[in-house]
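Enquirer: pasting the structure only:
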């Protein structure tokens, strides 16, 4: 049966079912208000076989008709009607490109020089000239790019900030610790109300000391400065004063002798600096031998934070880099400092390097041996060429990235990377500024590239005699 006759019969059935007042006589359609349309006439040219409502509603007519608002029904030719016959196979679109070979549709390493089907009846996919170029590039169809979610981002100049986080402890500044000890045999006559942990000021009395050696030197000095025959202290007087200084007698005690002109029985020993008392060994009535430590005082207005940094980060450390220190005992508070010393030794057990940071501590909040967490900014203020970290394919021995070349083609590039920071990695070689780099689904492109290389190897092997 011809297509037009089938279409007409189908429309007649639809219209009759809808109560449209149409009847069929021996394969022809008739209407009470329209002349019949023969199959031969319907098949010839673009003559319509029926008319349909212009809004696409299920209203039909075999003759020209208007809607209630005066619009014409749409003419439906035979070519636009439904067909119940099997469509003839379409001829493949003509192309000027030459087919090199056909590859397996399931991605298997199997190629064919002629069209064929696999075991499931699927056609092999043609590979044209230029699709398997020797430059290693990969070409993907727009559909595959959309399905796999391939995204690109241009390489650009950025300032990378990398923060190293490491634990540490607070230590005293070695240059701000003073020890009070006797340089001659002495006795402690009295000790001030000072204990370990007390805060003292410079010049504050700590104890009274009696020393026969100090008393003898004091008498000699007073005798010299009171002598009228020598016309004053002179050179000999300066030597006597120097002897007192060599015995570490405080300057305040020497000045008091000069003013009073008398030799005191005991000498007031005072604090050499502002700070806290770390050690108090002086006891009233005790005998102190030369070198015995009676007091140890430390100034904690400036302290050190010793940070243990992993050995792998040693190459990024420089003196002068800013550091933010947070004490675990003071939530939310920050202490700013800079790296002053990088110790030239690696801890054998922990594989860490010790870094010293000087911190201002005006309110004495930071105490010795307190735990802290440090954040070292190792970034450079200079902008560098960088791409997102997801764009880099790292095999351990080499790094690569895919550059989008347009029209679905992606070119692999060997690159050299630098430091990382903020989700980006520095590109030192292999990519120019502005080139679009694949940042998403690049592993799928890499898999496609490996498949392509395998197929090319099989096809080259098959081409050899």
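Expert: Arrived safely, thanks for sending. Since this is a predicted model, take the numbers as computed values, not measurements.
Enquirer: Can you spell out the domain ranges of the protein, please?
Expert: When the chain is parsed into structural domains using automatic domain parsing, the resulting residue ranges are 3-80, 99-128, 138-158+382-463, 187-290, 302-377.
Enquirer: In CSV: the ones you listed, plus mean pLDDT.
Expert: Shown next, in CSV, are the domains of the chain (pLDDT from 0 to 100):
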stretch, mean pLDDT
domain 3-80, 60
domain 99-128, 80
domain 138-158+382-463, 79
domain 187-290, 87
domain 302-377, 92
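Enquirer: can you put the ones you listed in TSV and add mean neighbour count and distance to residue 164?
Expert: For the C-beta atoms, the positions are set from N, CA and C on the backbone; glycine is no exception. Below are the domains of the chain laid out as TSV (neighbours: other Cβ atoms under 10 Å; distance: least, Cβ to Cβ, whole Å):
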stretch	mean neighbour count	distance to residue 164
domain 3-80	15	68
domain 99-128	14	44
domain 138-158+382-463	16	11
domain 187-290	16	32
domain 302-377	15	4
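Enquirer: closest one to residue 168 among those domains?
Expert: For the domains of the chain, proximity to residue 168 was assessed by Cβ to Cβ; domain 302-377 is nearest, at 3.8 Å.
Enquirer: Straight-line length of the closest one, end to end?
Expert: By Cα to Cα, to the nearest Å, the extent of domain 302-377 from end to end equals 21 Å.
Enquirer: Please apply the same query to stretch 390-410.
Expert: This stretch, stretch 390-410, spans 16 Å end to end (Cα to Cα).
Enquirer: what's in contact with that stretch?
Expert: The contact list for stretch 390-410, computed with Cβ atoms under 8 Å, 6 or more residues apart in numbering, reads 137-142, 145, 152-153, 387, 411-417, 425, 430-431, 435-440, 442-443, 445-446.
Enquirer: In this model residue 198 seems to touch residue 192, though I could be wrong.
Expert: No. At 9.3 Å, residue 192 does not count as touching residue 198 under the criterion of Cβ atoms under 8 Å.
Enquirer: follow-up on the earlier one: residue 172: which of the domains of the chain is closest?
Expert: Closest to residue 172 of the domains of the chain is domain 302-377 (Cβ to Cβ; 5.4 Å).
Enquirer: is it true that residue 64 touches residue 71?
Expert: No. Between residue 64 and residue 71 there is no contact under Cβ under 8 Å: 11.7 Å.
Enquirer: sorry, back to before: quick one, which of the domains of the chain is nearest to residue 173?
Expert: Closest approach to residue 173 among these (Cβ to Cβ): domain 302-377, 5.4 Å.
Enquirer: Now find how far off-centre the closest one is within its chain.
Expert: Between the centre of domain 302-377 and the centre of its chain there are 21 Å (Cα atoms, centre = their mean, to the nearest Å).
Enquirer: shift numbering so it begins at 4
Expert: Got it, the first residue is 4 from now on, which makes the last one we talked about domain 305-380.
Enquirer: Quick check: beta-bridge partners of residue 424?
Expert: Applying DSSP bridges to residue 424 gives these bridge partners: residue 427.
Enquirer: can you give me the strands for the stretch 254-403 of the chain?
Expert: With DSSP state E, counting those that start in this stretch, the ranges of strands along the stretch 254-403 of the chain come out as 270-273, 278-283, 290-291, 296-301, 305-313, 325-330, 338-349, 355-363, 374-380, 387-391, 396-397, 402-409.
Enquirer: Give me the packing partners of the first one, helices and strands only.
Expert: In other words, strand 270-273. Packed against strand 270-273 by the contact rule (3 or more Cβ pairs under 8 Å, 6 or more residues apart in numbering; DSSP states H and E) you find strand 208-213, helix 254-263.
Enquirer: can you put the ones you listed in TSV and add distance to residue 270?
Expert: Output for the helices and strands packed on strand 270-273, formatted as TSV (distance: least, Cβ to Cβ, whole Å):
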stretch	distance to residue 270
strand 208-213	5
helix 254-263	5
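Enquirer: what's near enough to touch residue 167?
Expert: Contact analysis of residue 167 by Cβ under 8 Å, 6+ apart lists 312-313, 316, 319-320, 378-379, 381.
Enquirer: Among those, which one lies nearest to residue 244?
Expert: Among the contacts of residue 167, and counting by Cβ to Cβ, the member closest to residue 244 is residue 320, at 49.9 Å.
Enquirer: Now that closest one: closest residue in space that isn't a chain neighbour?
Expert: Nearest residue to residue 320 in three dimensions, chain neighbours excluded: residue 345, at 5.7 Å (Cβ to Cβ, 6 or more residues apart in numbering).
Enquirer: what are the phi and psi angles of residue 151?
Expert: Here is the backbone geometry of residue 151 (degrees, to the nearest 10): phi -80, psi -10.
Enquirer: Next one: it from residue 226, what distance?
Expert: Residue 151 sits 102 Å away from residue 226 when distances are taken as Cβ to Cβ, to the nearest Å.
Enquirer: cool, residue 301 as well?
Expert: Computed as Cβ to Cβ, the residue 301 to residue 226 distance reads 39 Å.
Enquirer: And the helices in the chain?
Expert: 6-20, 42-46, 145-151, 215-229, 237-249, 254-263, 445-466 (DSSP state H).
Enquirer: So which of the strands of the stretch 254-403 of the chain is nearest residue 208?
Expert: Closest to residue 208 of those is strand 270-273 (Cβ to Cβ; 4.9 Å).
Enquirer: next one: the closest one to chain centre, how far?
Expert: The answer for strand 270-273 is 59 Å, by Cα atoms, centre = their mean.
Enquirer: Identify the spatial nearest neighbour of residue 330, chain neighbours not counted.
Expert: Once flanking residues are discounted, residue 330 sits nearest to residue 375: 5.1 Å by Cβ to Cβ, 6+ apart.
Enquirer: show me the contacts for that neighbour.
Expert: The contact partners of residue 375, by Cβ under 8 Å, 6+ apart, come to 170-173, 308, 328-331, 338, 369.
Enquirer: Residue 431 against residue 419, yeah?
Expert: Yes. The criterion here is Cβ under 8 Å, and residue 431 meets it with residue 419 at 4.6 Å.
Enquirer: Which stretches in the stretch 104-253 of the chain count as strands?
Expert: For the stretch 104-253 of the chain, applying DSSP E, counting those that start in this stretch gives strands covering 114-115, 128-131, 141-142, 154-157, 159-161, 166-175, 180-184, 189-194, 202-203, 208-213.
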